[in-house]
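>>> Dropping a prediction and its sequence here:
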Amino acid sequence: MSFIYLDNAATAYPKSDYVLGAVISAFKQCGNGGRGGHSLSVKATETVFACRVALASLFGTEPERVVLTCGATAALNIAIKGLAPERGGVLCSVLEHNAVLRPLYTLEGVRLDFFAPSFSSQKQSLKNAVSAIKEDTRLAVITAASNVCGMRLPVKEICAECRRRGIVTVLDCAQTAGHISVDIRELGADLICLPAHKGLGGPAGMGALIVHPDSRLRFRTLIEGGTGEAARDRYMPPYLPERLEAGSCNILGIAGLAAACEELSLDPEREERLRRMTVEGLRSLDGVQVYGADSDGGYAPLVAFNITSVPSDRATELLEQRGILLRGGLHCAPLAHAALGTGRYGCLRASFGKSNSAEDAEALVDAVRALLKQNTF
Ligand code: PMP
């Protein structure tokens, strides 16, 4: 049966043939990168470097300041635990994903200062963020856009405020990378973390930590091991990216990510049109509630909603029977759900990607309308 895929915030689907081709070529042609001088090893080293170059050019840094990781979660853990202060405060929002919250909860000796954003005004969100900054705030880890409702935070302005006060900034760009322009120099963040497999359209299990070109941050290491060089040294090298990349790399993921970056073309206006159409279409139906969709600060292309009186998990089953694939329940961001009023049962999330069209958004609204009409859940 054919279906309409609206779960691109979980992972982009389908991945392109170009990305697949790059993964297959790496499978057939690559040895272990940086681990020898023979031709297969050199091919892998070149593939890794090409990926760093592609990411550096997309996100505004230098290739050696691109740390390749096994996902956004790994990048966030490396950043948070590698730079965690020994005391003082860490600023974050209540919209954070567990990939931020859980590493933060493991930190000892630091206080977490949460701010709640406004769901309508960016200016108010900024105010709330700034008032949560304390004298002893040392680190800020903030999502660029909520993975539950898509709302973007005024991260550029928050980073500027943090920079003035000497606070290190880490942005979780899992839901914006590949959807809108994300340039670390423009954002003014010290670090940004991103996955390969969502907006960028690369393979899962791959991601990157992007370090600002002017950064002089020194990271503690989380994982130690071979780096293919300086093998007599007892400790990991002090320089990037090797300091944070122990062990043989995921050459298939890296090749796929490089290809995905190469063919990426951003079209934020088109994706925003799909989001708006969906919000308006769902709001026109009696018995549907849309969450957090009225901010003046822009969105990642996704919509959070519930069909009143149908638990979201059940609604996903019913929608799949009508050919629509999307996610229900809790989306790994418990405080965001609490702030949106969906803490108990979660919500449906329709999320758009490169392959979706206006017909897909219409089909979702039609399917929800038909479910409401059918009225047997
Ligand atoms: N942050 C946000 C906002 C996310 O949506 C996700 C993925 N759901 C992550 C971090 C973690 O990404 P990954 O699973 O690729 O490590």
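Thanks, I have the structure now.
>>> Could I get the phi/psi values of the closest residue in space to Ala145 that isn't next to it in sequence?
Spatial nearest neighbour of Ala145, chain neighbours left out: Ala300 (3.9 Å); criterion: C-beta to C-beta, 6 or more residues apart in numbering. For glycine as for every other residue, the C-beta is placed from the backbone atoms N, C-alpha and C. Note on Ala300: its backbone torsions stand at phi -80, psi 150 [degrees, to the nearest 10].
>>> what about this protein, any weak spots by pLDDT?
By pLDDT under 70, the low-scoring segments of the chain are 1.
>>> Confirm Phe114 sits in a helix?
No. Phe114 is assigned strand when assessed by DSSP: H, G, I helix; E, B strand; the rest coil, not a helix.
>>> what about it, how many neighbours?
Phe114 has 16 neighbouring residues, counting by other C-beta atoms under 10 Å.
>>> quick one, what contacts it?
Residues near Phe114 by C-beta atoms under 8 Å, 6 or more residues apart in numbering: 92-94, 132, 335.
>>> Can you pick out the most distant pair from these?
The most widely separated members of these, counting by C-beta to C-beta, are Ala132 and Leu335 (13.6 Å).
>>> tell me the contacts of the residue nearest to Ala145?
Residues in contact with Ala300 (C-beta under 8 Å, 6+ apart) are 9, 145-147, 150, 152, 175-176, 179-180, 351.
>>> ok, now Leu139?
Residues counted as contacts of Leu139 (C-beta under 8 Å, 6+ apart) are 80, 83-85, 90-91, 110, 167-170.
>>> Just send those residues back as TSV, with distance to Glu186 too.
Below are those laid out as TSV (distance: C-beta to C-beta, whole Å):
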residue	distance to Glu186
Ile80	23
Leu83	22
Ala84	26
Pro85	26
Val90	24
Leu91	21
Val110	29
Ile167	18
Val168	18
Thr169	13
Val170	16
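>>> quick one: the helices in the stretch 1-150 of the chain?
Taking DSSP state H, counting those that start in this stretch, the helices of the stretch 1-150 of the chain run over residues 17-29, 39-59, 72-83, 98-106, 122-132.
>>> Let me know which of those is the nearest to Ser309.
Ser309 lies closest to helix 98-106 among those, at 28.3 Å (C-beta to C-beta).
>>> Counting by contacts, list what that closest one packs against.
Judged by 3 or more C-beta pairs under 8 Å, 6 or more residues apart in numbering; DSSP states H and E, the packing partners of helix 98-106 are helix 72-83, strand 89-93, strand 137-143, helix 334-340.
>>> Turn those into CSV, columns for distance to Leu244.
Listed next are the helices and strands packed on helix 98-106 as CSV, based on distance: least, C-beta to C-beta, whole Å:
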stretch, distance to Leu244
helix 72-83, 6
strand 89-93, 20
strand 137-143, 17
helix 334-340, 28
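>>> No more questions from me, cheers.
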